[in-house]
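Trainee: kindly return the folded structure for what I paste below:
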Amino acid sequence: MQRLGIPFNVTSRPRDGVATIEMAIVLPVLITLAILVIDVGHLGYFSYAVSNATRSAAVYASTNRRTEVNMARWQSELESIARAEFNGMNGYEASRLSIATTPDPTVKMTANEYSVTCRYQYRPIISWPGSASTILIERTSVFPSHHE
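Mentor: Numbers count the residues shown, from 1 in each chain. Next comes the predicted model:
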């Protein structure tokens, strides 16, 4: 078959290999976006876990009396309740979680309230250029005491 006197061959077109080149350009961008979405989702998952840990520890603090006699046991139980929220989570490192029950100076506390603060140093899956190597996730809950 000829077109304007030039032989026309269906199998040899000037666009051979264009799809391969397009894929070579687009694939790294798509993979990077997929990893970014996974990383942001993982951060959200840890943020949710820190919120739950803070809430659970604050509920324990508000329903269990803290005295000079049981202070060590009370603190230990509070921390184990908070840490239990992270059981089975991928990427969780116990050393990166801290739990504080001291009143925050910015929160007006009364004798019948407890403040629990959980902090987790989240490390992204990939170290993204221009971003911090760790992200601090911090939540504070203030609950009223439910005992006399």
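
Trainee: for this protein, which segments count as strands?
Mentor: Assigned strands in the chain, in chain order: 2-3, 6-7, 97-100, 113-122, 135-144 (criterion: DSSP state E).

Trainee: could you identify which of those is most buried?
Mentor: strand 113-122 (a mean of 21; mean count of other C-beta atoms under 10 Å). (Each C-beta comes from the backbone N, C-alpha and C, glycine too.)

Trainee: just the angle between it and strand 135-144, please?
Mentor: Angle between the axes of strand 113-122 and strand 135-144 is 170 degrees (criterion: axes from the mean of the first three to the mean of the last three C-alpha atoms, to 10 degrees).

Trainee: pLDDT of strand 113-122, averaged?
Mentor: Across strand 113-122, the average pLDDT comes to 89.

Trainee: which strands or helices does that strand pack on?
Mentor: helix 18-63, helix 71-84, strand 97-100, strand 135-144 (3 or more C-beta pairs under 8 Å, 6 or more residues apart in numbering; DSSP states H and E).

Trainee: the longest one - contacts with which helices or strands?
Mentor: Right, the one you point to is helix 18-63. Against helix 18-63 (3+ C-beta pairs under 8 Å, 6+ apart) you get helix 71-84, strand 97-100, strand 113-122, strand 135-144.

Trainee: how about 7 Å then?
Mentor: Judged by 3 or more C-beta pairs under 7 Å, 6 or more residues apart in numbering; DSSP states H and E, helix 18-63 is in contact with helix 71-84, strand 113-122, strand 135-144.

Trainee: what's the angle from the longest one to strand 113-122?
Mentor: What it means is helix 71-84. 50 degrees.

Trainee: beta partners for residue 97?
Mentor: residue 120 (DSSP bridges).

Trainee: isn't it up against residue 117?
Mentor: No - taking contacts as C-beta atoms under 7 Å, residue 97 lies outside contact range of residue 117: 11.3 Å.

Trainee: what touches both of those two?
Mentor: By C-beta atoms under 7 Å, 6 or more residues apart in numbering, residue 97 and residue 117 have no common neighbours.

Trainee: wait, which of the helices and strands packed on helix 18-63 is closest to residue 29?
Mentor: Of all the helices and strands packed on helix 18-63, strand 135-144 sits nearest to residue 29, with 24.0 Å by C-beta to C-beta.
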